[in-house]
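Q: here is a sequence together with a model predicted from it:
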Amino acid sequence: ARLAQVFSNLLNNASKYTPGGGRIMLKLAAAEGAAVITVTDNGIGIAPEDRAHLFERLYRGRRARELRPSGTGLGLAIAHWIVTAHGGSIRLDPRPSGGTVATVVLPGHTE
């Protein structure tokens, strides 16, 4: 249930910050025994000055605040907490052509 919350948060952010007619893509792949999930959009992207703070509680970048003043700044902090609690990693990178790529890597099940 918590992992579903991660992807709900990432997809919700992508839809909030991608203008009408934009594209959002969800992809799942396996690599080296791990699941790699990406959410890619062609929205407003991430300003360089915001990158170091993306997973801090209550942090919202300037452009995000301007576009959507009502956000709380908790979604990415919660997603980070859930992913790391599952032994994984999460990162957000800018797309060269504009937008964001959110990448979640979760370890595979071992017995």
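A: That came through, no problem. Numbering: from 1, shown residues only.

Q: now tell me which helix or strand of the protein has the poorest mean pLDDT.
A: Ranked by mean pLDDT, DSSP states H and E, the weakest helix or strand in the chain is helix 62-67, scoring a mean of 68.

Q: packing partners of whichever helix or strand comes after that one?
A: Per DSSP states H and E, helix 62-67 leads on to helix 75-85 as the next helix or strand towards the C-terminus. Packing partners of helix 75-85 (3 or more Cβ pairs under 8 Å, 6 or more residues apart in numbering; DSSP states H and E): helix 2-16, strand 89-94, strand 100-107. Placement of C-beta: from N, CA and C, glycine included.

Q: turn the ones you listed into TSV, including distance to residue 29, mean neighbour count and mean pLDDT.
A: Formatted as TSV, these follow (distance: least, Cβ to Cβ, whole Å; neighbours: other Cβ atoms under 10 Å; pLDDT from 0 to 100):
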stretch	distance to residue 29	mean neighbour count	mean pLDDT
helix 2-16	15	17	93
strand 89-94	15	16	95
strand 100-107	10	19	96
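
Q: nearest to residue 40, out of the ones you listed?
A: strand 100-107 (4.9 Å; Cβ to Cβ).

Q: off-centre distance for that closest one?
A: Centroid separation between strand 100-107 and its chain, computed with Cα atoms, centre = their mean, to the nearest Å, is 7 Å.

Q: wait, residue 77 touches residue 55, no?
A: Yes - with contact defined as Cβ atoms under 8 Å, residue 77 counts as touching residue 55 (5.6 Å).

Q: wait, which of the helices and strands packed on helix 75-85 is closest to residue 30?
A: Among these, the nearest to residue 30 by Cβ to Cβ is strand 100-107 (10.5 Å).

Q: on that earlier part again, any chance of the helices and strands packed on helix 75-85 in TSV, with distance to residue 82 too?
A: Output for the helices and strands packed on helix 75-85, formatted as TSV (distance: least, Cβ to Cβ, whole Å):
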stretch	distance to residue 82
helix 2-16	5
strand 89-94	9
strand 100-107	10
